[in-house]
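Student: sequence and predicted structure are below.
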There are 2 protein chains.
Amino acid sequence: MGTVTETMVAADAREETRARIEQAALDLFTAQGFEAVTIDEVADAAGISRRTFFRHCGTKADAVWGQFDGHVVRLEGMLAAAAADQPVLASVYAAYVEVNDYAPADLPMLRQRMRLILTEPALLAHSQVRYADVDRVVAAHVARRTGVAPDALVPRLVATSTRAAATTAFELWLADGRITLGTALHQAFDELAAGFPSLRLPG
Amino acid sequence: MGTVTETMVAADAREETRARIEQAALDLFTAQGFEAVTIDEVADAAGISRRTFFRHCGTKADAVWGQFDGHVVRLEGMLAAAAADQPVLASVYAAYVEVNDYAPADLPMLRQRMRLILTEPALLAHSQVRYADVDRVVAAHVARRTGVAPDALVPRLVATSTRAAATTAFELWLADGRITLGTALHQAFDELAAGFPSLRLPG
DNA sequence: CTTGCCGGTGGCACTGGGTGTCACCTACGG
DNA sequence: CCGTAGGTGACACCCAGTGCCACCGGCAAG
């Protein structure tokens, strides 16, 4: 089915196949749960063989994460291009906002992805591996700006805690439904950068 | 071999077997890498069957994590017992320090465990699942203190970023060798609580 | 038109983690 | 002496992931 006859370079066809696999996987995982769906079922739904699934996605989890590598690369580019006189935390915040500035049409699929990632234990576990790449990029940026080693305390801490802020913003956005992703990121980074001012209010 | 003939309640014997399995696993993983060692090899080294390994440890990763559940429970207890007039961040910091106050004799094994957890991708991934429990406990504490819902922004953010600070401290302690775990935790929490003051210095 | 290369594909066998089931054995109370 | 309960080992099974090979399509060179 779906013999894509349009003029299409190999890379495009490959991308299209991968997108079809990912969509089939997302739908099945959302409907039945990540663990309950086998690769054979995803492959069947996508109209390909089990072996081809692995060639395109590499891992069951990768079918959900999709092109996350691209996000990391873009994040790296934004940090490298940040104005030199901008405060470090502000540049990290701006990069996170920009890399997560999705078109409205992409939001439903993003919700689907993130709900799975934050809900399914196996995917949550896999996230740590992906986030490690993000942390390396951010830590390198902070290290460059502050003139210390990338594996020193402050670069590492800034990287992990800003990423914590970003994922917390995602959780909030996912759970609430009314709040914007940008708003959630703004609130989270404000709290973090100011040392949690709301904890100092009379509680 | 090793017929443990001493008077020993069932629970104690079970604990002793589990400790033997964990030690064998840690040694093999350290020597050859986590992925390169099969469960059969661990089971052989521990003098038990493959099936028994799973009955005691549940998962390959659990053999490395050991009794982490106990840490979470103790952390929860410390947070519940924290003085009511203590600032929230201070109580979280104190709980993290206390729960990680290991006896000097336990430090080598802790190093072995943490090096594996922070180095091996599969174990790093698994850590996210364990940390989720920690985050729930800390977020509940913050929520109780501030009078907001546990899934609101500030409790979640405090939980994830303090945990980020703790793991960063662990990384520092592991990499340096001279710095104390307590010192690393102190530095990380200081930076976090003050909103990263060292970033405001002329860089 | 034929030949040879090449990328995507499917099939197959294999490894390895994890689970369910059953039989056995051993310790313990009646 | 018997019955039970918990730990154990052996076996069969499922599923993710990998390596290998054979096939088929297009495409360029001869």
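Tutor: Here it is on my side, so go on. Note that the coordinates shown come from a computational prediction; the quantities given were computed from them, not determined experimentally. Numbering: from 1, shown residues only, chains lettered A, B, ... in the order given.
Student: quick check: residues of chain A near DNA strand C?
Tutor: A:10, A:14, A:17, A:47, A:48, A:49, A:50, A:51, A:52, A:55, A:56 (C-beta under 7 Å from any atom of the strand). Bear in mind the C-beta positions are built from the backbone N, C-alpha and C, glycine included.
Student: please repeat the previous calculation with a cut-off of 10 Å.
Tutor: Residues of chain A lying close to DNA strand C by C-beta under 10 Å from any atom of the strand are A:9-11, A:13-18, A:20-21, A:40, A:43, A:46-56.
Student: any idea which residue sits dead centre in chain A?
Tutor: Central residue of chain A (C-alpha atoms, centre = their mean): residue A:68, 5.7 Å from the mean position.
Student: contact partners for that one?
Tutor: Contact analysis of residue A:68 by C-beta atoms under 8 Å, 6 or more residues apart in numbering or on different chains lists residue A:130.
Student: end to end, how far does stretch A:166-186 reach?
Tutor: Stretch A:166-186 has an end-to-end distance of 9 Å (C-alpha to C-alpha, to the nearest Å).
Student: any chance you could map the helices in chain A?
Tutor: Remark: helices assigned in chain A by DSSP state H are A:10-32, A:39-46, A:50-57, A:60-65, A:68-80, A:88-99, A:107-119, A:121-146, A:153-176, A:181-193.
Student: rewinding a little: now which of the residues of chain A next to DNA strand C would you call buried?
Tutor: A:17, A:18, A:20, A:21, A:43, A:46, A:48, A:53, A:56 (16 or more other C-beta atoms under 10 Å in any protein chain shown).
Student: so which residues on chain A come close to DNA strand D?
Tutor: So chain A meets DNA strand D at A:5, A:7, A:9-10, A:34-43, A:49-55, A:57-63, A:122, A:126 (C-beta under 10 Å from any atom of the strand).
Student: at 6 Å instead, please
Tutor: Within reach of DNA strand D by C-beta under 6 Å from any atom of the strand, chain A has these residues: A:38, A:39, A:51, A:54, A:58, A:59, A:60.
Student: re the thing from before, of the buried ones among the residues of chain A next to DNA strand C, which is the nearest to DNA strand D?
Tutor: residue A:53 (8.4 Å; C-beta to the nearest atom of the strand).
Student: quick one: contacts for that closest one?
Tutor: A:21, A:39, A:42, A:43, A:46, A:63.
Student: give the contact list for residue A:179.
Tutor: With the criterion set at C-beta under 8 Å, 6+ apart, residue A:179 makes contact with A:172, A:173.
Student: let me fix that: residue A:41
Tutor: Going by C-beta under 8 Å, 6+ apart, residue A:41 touches residue A:28.
Student: swap in 10 Å and give it another go.
Tutor: Residues near residue A:41 by C-beta atoms under 10 Å, 6 or more residues apart in numbering or on different chains: A:24, A:25, A:28, A:32, A:50.
Student: my guess is residue A:165 contacts residue A:193. True?
Tutor: Yes: using C-beta atoms under 10 Å, residue A:165 makes contact with residue A:193 at a distance of 8.9 Å.
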